[in-house]
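S.K.: Structure of the sequence below:
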Amino acid sequence: MNRKLKMGMAGGGIGSFIGAVHRQAAVMDGQIELVCGAFSTDPELSKKSGEQLFLPNNRVYENCEEMIAVEKSLPEQERMDFVSIVTPNHVHYPIAKAALENGFHIVCEKPMTVTSKEAEELVLLVKKTGLHFAVTYTYTGYPMVKQARHMVQNGDFGKIRKIVVEYPQGWLSTDLEKNNQQASWRMDPEKAGPAGCLGDIGTHAHNLAEYISGLRVVEICADLSTLVEGRRLDDDVNMLLRFENGAKGVLHSSQISAGEENALKIYIYGEKGGLEWHQMKPNTLWVKRLGQPVQVYRTGVDHGNYLAEAAMHNTRVPSGHPEGYIEAFANIYRNFALTLASHRKGEIPATETHDYPTVDVGLREMKFIEATIASAKSDNKWTQVP
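M.R.: Numbering: from 1, shown residues only. This is a model prediction of the structure:
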């Protein structure tokens, strides 16, 4: 296949924040092009969205069922290769299921589904069909997150003992959902699922901790709160973590931390030292070794060849030029596209390429959500994460 991958989009029309992010990320590296979409449950809005994206009228669909059926009937060189699902959470599963059953690969917003049962069904479908499925846990795409993961798994800090991850935002400090589309569906259990802040950003924090450390959380003691009066889902999450190697941890995520922007941070400490990374200063990784001055690692600065191949692979521009949120998204799309291209050629993708959150990660985060809710409701508190 000597051409770009063809992408269809489910959701992401006019008024959507995340749809535009996905489109920018997908096309950044010239591996993917948008060819069709069902951009809204409102057929007229879907049509207008397609017009703004300069798509032909016959490739802009009234709903996802129509898109999948029509695209499947097209010649292979014309039809979409995969679907990017950027809808509210409650329709991720039916769209993904239909797309997989009709032979289309998937890139899906998180959380992948609203129940672990749905997630398990998608895992089985992926295994049955052999299709590729990426979930956009974006923060794993940053070069310095890749570097941190490499150093931990290389044993630079010895056995990991302590992990602290926090993700405070302040945008839902008031009842914004009454007049804001993005807030409205995120705090509606019929559209967001059983978790608010937990599903929206708490899973990002959990995923980042497990990705960098390579360790699974096995038990949690969680407290979920709804602090804005009248709100239907949680807006503040606090928990203790126990990891599989005996390490201890703390996770805090909040959308009522007034004045905060998008302050995701992680701290990991081992026997010989540790590291620190901030999403709002993504080009910097602080490395702390016992008895030594703090070292500052920077994206793209590799004069002594100390950066990992995975970090360099996911870096696009010379040092000193900021790479951020869109580029991290783009790394997931590019690695997904390169992996798919390798498999179509009968080749094994490079390790640094076959590095993006998969359907199994989507299932893992649904198990985490359900365990957290169970812990918060339990008098016993300490709850196993399956």
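S.K.: where in the stretch 1-150 of the chain is pLDDT low?
M.R.: Residue ranges of the stretch 1-150 of the chain with pLDDT under 70: 1.
S.K.: ok, which stretches of the stretch 101-250 of the chain are helices?
M.R.: 116-129, 143-153, 181-186, 189-192, 197, 203-213 (DSSP state H, counting those that start in this stretch).
S.K.: Please convert these to JSON lines, extending it with distance to G304 and mean neighbour count.
M.R.: Heads up, the C-betas are built off the backbone N, CA and C, glycines and all. JSON lines is the format used below for the helices of the stretch 101-250 of the chain (distance: least, CB to CB, whole Å; neighbours: other CB atoms under 10 Å):
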{"stretch": "helix 116-129", "distance to G304": "41", "mean neighbour count": "17"}
{"stretch": "helix 143-153", "distance to G304": "14", "mean neighbour count": "23"}
{"stretch": "helix 181-186", "distance to G304": "44", "mean neighbour count": "17"}
{"stretch": "helix 189-192", "distance to G304": "46", "mean neighbour count": "15"}
{"stretch": "helix 197", "distance to G304": "41", "mean neighbour count": "28"}
{"stretch": "helix 203-213", "distance to G304": "22", "mean neighbour count": "24"}
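S.K.: any idea how far the most far-flung residue of the chain relative to its centre lies from K272?
M.R.: Taking CA atoms, centre = their mean, the residue of the chain most remote from its mean C-alpha position is G291, at 35.9 Å. As for G291, its distance to K272 is 9 Å (criterion: CB to CB, to the nearest Å).
S.K.: again with M312
M.R.: From M312 to K272 the distance is 24 Å (CB to CB).
S.K.: cool, A371 as well?
M.R.: According to CB to CB, A371 stands 31 Å off from K272.
S.K.: pull the CA atoms of stretch 86-105 into CSV?
M.R.: Coordinates of each C-alpha in stretch 86-105 appear next as CSV, following Å, rounded to 0.1, in the frame of the first residue of the first chain:
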residue,chain,number,x,y,z
VAL,A,86,-14.5,11.4,18.8
THR,A,87,-18.1,11.3,20.0
PRO,A,88,-19.3,11.5,23.6
ASN,A,89,-18.5,8.3,25.6
HIS,A,90,-21.8,6.5,25.4
VAL,A,91,-21.6,5.9,21.6
HIS,A,92,-17.9,4.8,21.4
TYR,A,93,-18.8,1.2,21.8
PRO,A,94,-21.6,0.8,19.2
ILE,A,95,-19.6,2.7,16.6
ALA,A,96,-16.4,0.8,17.3
LYS,A,97,-18.2,-2.6,17.3
ALA,A,98,-19.9,-1.9,13.9
ALA,A,99,-16.6,-0.6,12.4
LEU,A,100,-14.6,-3.7,13.5
GLU,A,101,-17.3,-6.1,12.3
ASN,A,102,-17.1,-4.4,8.9
GLY,A,103,-13.3,-4.5,8.6
PHE,A,104,-12.3,-1.0,9.7
HIS,A,105,-9.4,-0.2,12.1
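S.K.: Okay, buried residues for that stretch please.
M.R.: 86-93, 95-100, 104-105 (16 or more other CB atoms under 10 Å).
S.K.: coming back round to it: turn the helices of the stretch 101-250 of the chain into a markdown table, columns for distance to Y137.
M.R.: Output for the helices of the stretch 101-250 of the chain, formatted as a markdown table (distance: least, CB to CB, whole Å):
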| stretch | distance to Y137 |
| --- | --- |
| helix 116-129 | 14 |
| helix 143-153 | 11 |
| helix 181-186 | 17 |
| helix 189-192 | 17 |
| helix 197 | 16 |
| helix 203-213 | 5 |
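S.K.: Go through those and name the closest to Y167.
M.R.: The stretch from the helices of the stretch 101-250 of the chain with the least distance to Y167 (CB to CB) is helix 203-213; that distance is 4.4 Å.
S.K.: For the closest one, give me every contacting residue.
M.R.: 110-111, 137-140, 145, 148-149, 152, 160, 163, 165-167, 216-217, 241, 243, 247, 249, 251-253, 264, 266, 268, 357, 361, 364-365, 368-369 (CB atoms under 8 Å, 6 or more residues apart in numbering).
S.K.: Show the average pLDDT along it.
M.R.: If you average the pLDDT over helix 203-213, you get 98.
S.K.: got it, and stretch 238-252?
M.R.: 98.
S.K.: Can I get it as PDB, trimmed to CA atoms?
M.R.: Presented in PDB, the C-alpha positions along stretch 238-252 are these (Å, rounded to 0.1, in the frame of the first residue of the first chain):
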ATOM      1  CA  ASN A 238      -8.400  11.300  45.700                       C
ATOM      2  CA  MET A 239      -6.900   7.800  46.200                       C
ATOM      3  CA  LEU A 240      -4.100   5.700  47.600                       C
ATOM      4  CA  LEU A 241      -2.400   3.200  45.300                       C
ATOM      5  CA  ARG A 242      -0.600  -0.100  45.800                       C
ATOM      6  CA  PHE A 243       1.400  -1.400  42.900                       C
ATOM      7  CA  GLU A 244       2.300  -4.900  42.000                       C
ATOM      8  CA  ASN A 245       5.900  -4.700  43.200                       C
ATOM      9  CA  GLY A 246       5.000  -3.300  46.600                       C
ATOM     10  CA  ALA A 247       5.400   0.400  45.600                       C
ATOM     11  CA  LYS A 248       3.000   2.900  47.100                       C
ATOM     12  CA  GLY A 249       1.300   5.700  45.400                       C
ATOM     13  CA  VAL A 250      -1.000   8.700  45.500                       C
ATOM     14  CA  LEU A 251      -3.400   9.800  42.700                       C
ATOM     15  CA  HIS A 252      -5.300  13.100  42.800                       C
END
